[in-house]
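> My questions are about this predicted structure, shown below with the sequence.
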Amino acid sequence: MAESNAFPCVHRPVNRYLNSASFPNKKSWGTLNGGELGKKFGVRKFQLINDFEAQGYGVLTLDSNETFTLQVRPLLSPYFSQWNLVTNQHCCTTQLYVAGLGC
């Protein structure tokens with residue numbers, strides 16, 4: 001078996017304990033099992049992840065020049081602080097970062 005890892009994303013909730021995902025709207029697809037797929041493709045670690053989880057991991061790798069602000073608005077509460085994960089700094093506005101990520 002190859003010494004490689006694969007983390008394919010699926011558009012369904014993933015059962016982390018069983019490493020599986022079901023597709024109730026496509027009965028013919030049954031349940032995907034990461035362990036079985038890993039054996040089939042010769043991949044040592046084959047972990048299914050949710051597509052939104054994949055987006056979250058991708059955002060953590062972005063540089064500040066790979067994002068842009070869609071909207072800036074004041075904080076709702078002076079007691080609420082925010083941390084910008086991209087610049088690793090405290091910020092005083094709410095920003096939404098957008099990047100071209102996908103599975």
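Happy to help now that I have it. Numbering: from 1, shown residues only.
> my guess is residue 31 meets residue 20, correct?
Yes. Counting by C-beta atoms under 8 Å, residue 31 touches residue 20, with 5.3 Å between them. Heads up, the C-betas are built off the backbone N, CA and C, glycines and all.
> neighbour count winner among the two?
Using other C-beta atoms under 10 Å, the more surrounded residue of residue 31 and residue 20 is residue 20, with 19 against 13.
> Nearest residue to that one in space, ignoring adjacent ones along the chain?
residue 33 (4.8 Å; C-beta to C-beta, 6 or more residues apart in numbering).
> which residues touch the one you found?
By C-beta atoms under 8 Å, 6 or more residues apart in numbering, residue 33 lies in contact with 18-20.
> Go through those residues and say which is closest to residue 72.
residue 19 (40.4 Å; C-beta to C-beta).
> Give me the spatial nearest neighbour of that closest one, chain neighbours excluded.
Distances taken as C-beta to C-beta, 6+ apart place residue 34 nearest to residue 19, at 3.7 Å, with adjacent residues excluded.
> do residue 35 as well
residue 19 (5.6 Å).
> The one you found: neighbour count?
19.
> Tell me the pLDDT of it.
According to the prediction, residue 19 has pLDDT 93.
> What residues does it make contact with?
Applying C-beta under 8 Å, 6+ apart to residue 19 gives the contacts 33-35, 46-48.
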